[in-house]
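A.B. asks: Take this sequence and fold it.
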Amino acid sequence: MTIGNGLGGIEVTALSAAGGVTANNQASGITLGTLAAGGAVSINVAGTARFTGAATAPSFSVTSNNIDIAQGATLGGAATQQVFLAARSAASQAILGGTAEGQGWTLTNAEAGRIRAQTLTVSVQATGQSATRPADLLVRDLTLAARPARRGA
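C.D. replies: Here you go, the predicted model:
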């Protein structure tokens, strides 16, 4: 299933798809409530990717200028193998962890705690070429919980 909009924000209250879901919005962002997909979910938006309910799928790829995983929402679940988050904007430093939103792409400690996946990858763009520029990704206080993988049966 493909969702696209070049005019303004996309808002989806509830979506259930047997296969994958692709959402593109090069004009603004997207707000997703409850999402259940049987295949990979790919989101690429110029604005904020906002999750307000339970979002489950085998894998997620979210490219955005910011991300917001609201209190009570989750991204991924017990069967989610991969969550890949990419910060689009190279205009400001991306922030991972802490309690406060930054100027650009920010995933707070509380938001990170709402992600459920076997693998979490965060990718950011360089904020410039100067060797003396600030770090492209600032990691603040961050708590990640993990369980050892079970081997054999």
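A.B. asks: okay, the nearest residue to Arg88 once chain neighbours are set aside: pLDDT?
C.D. replies: Closest residue in space to Arg88, ignoring its immediate chain neighbours: Asn65 at 5.0 Å, by CB to CB, 6 or more residues apart in numbering. All C-beta spots, glycine's among them, are computed from the backbone N, C-alpha and C. Per-residue pLDDT puts Asn65 at 94.
A.B. asks: Enumerate every residue touching Asn65.
C.D. replies: Residues near Asn65 by CB atoms under 8 Å, 6 or more residues apart in numbering: Gly29, Val45, Ala46, Gly47, Thr48, Ala87, Arg88, Ser89, Gly104, Trp105.
A.B. asks: Which residue ranges of this protein form helices?
C.D. replies: 109-112 (DSSP state H).
A.B. asks: Between its first and last residues, how far does stretch 135-142 reach?
C.D. replies: Taking CA to CA, to the nearest Å, the first and last residues of stretch 135-142 lie 17 Å apart.
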